[in-house]
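Undergrad: would you be able to build a 3D model of this:
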Amino acid sequence: MAKFSLFTEESNRSPLFRLWRKFRSNHVALVGLWLFLALTVLALTAPLIAPYGVNQQHADALLLPPSWHDDGDVRFILGTDDLGRDILSRLMNGATYTFGLSIIAALVTTALGVVLGTLAGASRGLKSSLLNHLLDITLAIPSLLLAIIIIAILGPGLMNTVWAIIFALLPQYIHSIRNLVVAELGKDYIIAFKLDGANRWRLLVRGILPNIYEHIVVIFTMALSTAILDIAALGFLKLGAQPPSTEWGAILQENLSLIYLAPWTVGLPGVLLFIAVLSTNLVGDGLREALKNRKAD
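TA: Residues are numbered from 1 along each chain as shown. The predicted structure is shown next:
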């Protein structure tokens, strides 16, 4: 005789597992996740696995096309630039700067945004009103323009670019987290927590944050895609990474004059930027859709 079970196995699954189950059913988002993980591994290991040095020149191999071209050389799979530098090695190392630093910038923005956004959502009165008006002013400025303004103050350079991206993304992050916290504070379980004698710290740590962490992950992916584009754009404008840096935007700017003579020197970093932003957006959209479907069950 079968045993009586009040709860099925599926209903006992953790929220994180159910979110993953919904996410992996979206095959397009899953492909984006694999691309995202591949770029992350490349950003971490590029200096170790690159076949040549980033500034190593080969005088006998100037402007070689990719190896599958009739004039290509198998030693240089993606060809060389006008100084004889291996494009594959430079693009692999560029992943560390463009993609890796974007992840760091998004993580720092997440940490600061969660703390400040939670405090903003939990505050009341004049302090909350002043913070909201300040956020409204900064949100009216596009993140790239705000980053350019910050770069004008800090000066050009790769690390200054990272800080500029963090400060440019922070207002939007604080605003999003604040709205989530305010929405959670109006729910019944928070009232139950208060009636049970929970203080403000316990409300935030045990009540609010566990219920918004999935939204934080989605906001993180949105911030990451913006950070990738902004770092590359600042490098292209010569406000970020400076030549001979291997940051993808800087490579685009450095080889722009060769677009007709050697289009692969411009097209390949552009393709990598497209893949990086596309994979990040696919993961973010997949997480958003999985979160919506999980809550609809």
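
Undergrad: quick one, longest helix in this structure?
TA: For the chain, the longest helix by residue count, based on DSSP state H, is helix 264-296.

Undergrad: list the buried residues of it.
TA: Neighbour counts using 16 or more other C-beta atoms under 10 Å place 264-266, 268-269, 272-273, 275-277, 279-291, 293-294 of helix 264-296 among the buried residues. Placement of C-beta: from N, CA and C, glycine included.

Undergrad: can you check stretch 24-31 too?
TA: Residues of stretch 24-31 classed as buried: 26, 29 (neighbour count, 16+ other C-beta under 10 Å).

Undergrad: what of stretch 210-228?
TA: Result for stretch 210-228 [16+ other C-beta under 10 Å]: buried residues 211-212, 214-228.

Undergrad: just the residues contacting stretch 102-113, thanks.
TA: Outside stretch 102-113, the residues that touch it by C-beta atoms under 8 Å, 6 or more residues apart in numbering are 40, 43, 162, 165-166, 169-170, 173-174, 176-177, 216, 219-220, 223-224, 227-228, 231.

Undergrad: mind redoing it with 6 Å?
TA: 162, 165-166, 169-170, 173-174, 177, 220, 223-224, 227-228, 231 (C-beta atoms under 6 Å, 6 or more residues apart in numbering).

Undergrad: restricting to C-alpha, output it in PDB.
TA: The C-alpha trace of stretch 102-113 is given here as PDB (Å, rounded to 0.1, in the frame of the first residue of the first chain):
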ATOM      1  CA  SER A 102      33.100  44.800 -16.300                       C
ATOM      2  CA  ILE A 103      32.300  41.900 -13.900                       C
ATOM      3  CA  ILE A 104      34.400  43.600 -11.200                       C
ATOM      4  CA  ALA A 105      32.600  46.900 -11.800                       C
ATOM      5  CA  ALA A 106      29.200  45.300 -11.700                       C
ATOM      6  CA  LEU A 107      30.000  43.300  -8.500                       C
ATOM      7  CA  VAL A 108      31.200  46.500  -6.700                       C
ATOM      8  CA  THR A 109      28.200  48.300  -7.900                       C
ATOM      9  CA  THR A 110      26.000  45.500  -6.700                       C
ATOM     10  CA  ALA A 111      27.600  45.500  -3.200                       C
ATOM     11  CA  LEU A 112      27.300  49.300  -2.900                       C
ATOM     12  CA  GLY A 113      23.900  49.500  -4.500                       C
END
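
Undergrad: and it, how far from the chain's centre?
TA: The chain centre lies 9 Å from the centre of stretch 102-113; the measure is C-alpha atoms, centre = their mean, to the nearest Å.

Undergrad: tell me the buried residues in it?
TA: 102-103, 105-106, 108-110, 112-113.

Undergrad: could you list every helix and strand in contact with the longest helix of the chain?
TA: Applying 3 or more C-beta pairs under 6 Å, 6 or more residues apart in numbering; DSSP states H and E, one finds that helix 264-296 makes contact with helix 15-24, helix 27-49, helix 209-236, helix 248-254.

Undergrad: turn the ones you listed into TSV, columns for mean pLDDT.
TA: Putting the helices and strands packed on helix 264-296 into TSV (pLDDT from 0 to 100) gives the following:
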stretch	mean pLDDT
helix 15-24	78
helix 27-49	92
helix 209-236	88
helix 248-254	92
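
Undergrad: now render these as a markdown table, adding distance to L62.
TA: A markdown table is the format used below for those (distance: least, C-beta to C-beta, whole Å):
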| stretch | distance to L62 |
| --- | --- |
| helix 15-24 | 47 |
| helix 27-49 | 24 |
| helix 209-236 | 24 |
| helix 248-254 | 15 |
